[in-house]
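> Everything below, folded, please.
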Amino acid sequence: MNAQQKAIQSLWKGRCMVQTRVASGTDPDTGRTIWTVQTVAQDVPCRLSYSSINATDPYSGAAMVTQSVKLFLDPAVPVPAGSKLTITQNGVTKEYAQSGEPAVYTYHKEIVLELFERWA
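Residues are numbered from 1 along each chain as shown. Coordinates of the predicted model:
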């Protein structure tokens, strides 16, 4: 690990678990796919960053503030599309879903997140 990567990752105080669903077979009675949850990565150092975005509702003209959540993570950590990310930072644990393609840089990648509601 070089000095730049070490400096970036020294700011990462959170821990992340990446899980995805995989087809494990077919139910013989219904023919439906049976899904299981597989852990892809666990206890990975990371950092959540929050920012507020001001917007105006186009229908009412009322001002709204929404929160954007971005995850900073080592580029070697796999985060397949449709993954659930369980992140603990500052004593708070929340579940998130990846909302877009990651921006991959030399020493980290950035993933925009949204709160996890359910598996798709």
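> where along the chain do the helices fall?
Secondary structure of the chain (DSSP state H): helices at 3-9.
> Identify, by residue count, the longest strand of it.
Counting by DSSP state E, the longest strand found in the chain is strand 33-56.
> for that one, packing partners?
For strand 33-56, the elements it packs on are strand 14-26, strand 63-73, strand 84-89, judged by 3 or more CB pairs under 8 Å, 6 or more residues apart in numbering; DSSP states H and E. C-beta here means a position set from N, CA and C on the backbone, and glycine is covered the same way.
> so which of the ones you listed is the most packed in?
Mean neighbour count (mean count of other CB atoms under 10 Å) peaks for strand 84-89 among these, with a mean of 19.
> hang on, the earlier thing: tell me the strands beside the longest strand of the chain, with direction?
Neighbouring strands of strand 33-56 in its sheet, by DSSP bridges, are strand 14-26 (antiparallel), strand 63-73 (antiparallel).
> Let me see the mean pLDDT of the first one.
Spelled out, that is strand 14-26. Averaged across strand 14-26, the pLDDT comes to 93.
> tell me the angle of it relative to strand 84-89?
Calculated by axes from the mean of the first three to the mean of the last three CA atoms, to 10 degrees, strand 14-26 forms an angle of 160 degrees with strand 84-89.
> what residues does strand 14-26 touch?
By CB atoms under 8 Å, 6 or more residues apart in numbering, the surrounding residues in contact with strand 14-26 are 32-48, 71, 73, 77-80, 82-90, 119.
> 7 Å instead?
32-48, 73, 77-80, 82-89, 119 (CB atoms under 7 Å, 6 or more residues apart in numbering).
> Quick check on those residues: which are buried?
Burial by neighbour count, 16 or more other CB atoms under 10 Å: within the contacts of strand 14-26 this picks out 40-41, 44-48, 73, 77, 79, 83-89.
> how about the CA coordinates for the helix or strand bottoming out on mean pLDDT in the chain, as PDB?
Using mean pLDDT, DSSP states H and E, the weakest-scoring helix or strand in the chain turns out to be strand 63-73, at a mean of 83. The C-alpha coordinates for strand 63-73 follow below in PDB (Å, rounded to 0.1, in the frame of the first residue of the first chain):
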ATOM      1  CA  ALA A  63     -38.400  23.600  -1.400                       C
ATOM      2  CA  MET A  64     -37.200  20.200  -0.500                       C
ATOM      3  CA  VAL A  65     -34.000  18.900   1.000                       C
ATOM      4  CA  THR A  66     -32.900  15.400   0.200                       C
ATOM      5  CA  GLN A  67     -29.900  13.600   1.500                       C
ATOM      6  CA  SER A  68     -27.300  11.900  -0.800                       C
ATOM      7  CA  VAL A  69     -25.200   9.100   0.700                       C
ATOM      8  CA  LYS A  70     -21.900   8.000  -0.900                       C
ATOM      9  CA  LEU A  71     -19.700   5.100   0.100                       C
ATOM     10  CA  PHE A  72     -16.000   5.200  -0.200                       C
ATOM     11  CA  LEU A  73     -14.400   1.700  -0.600                       C
END
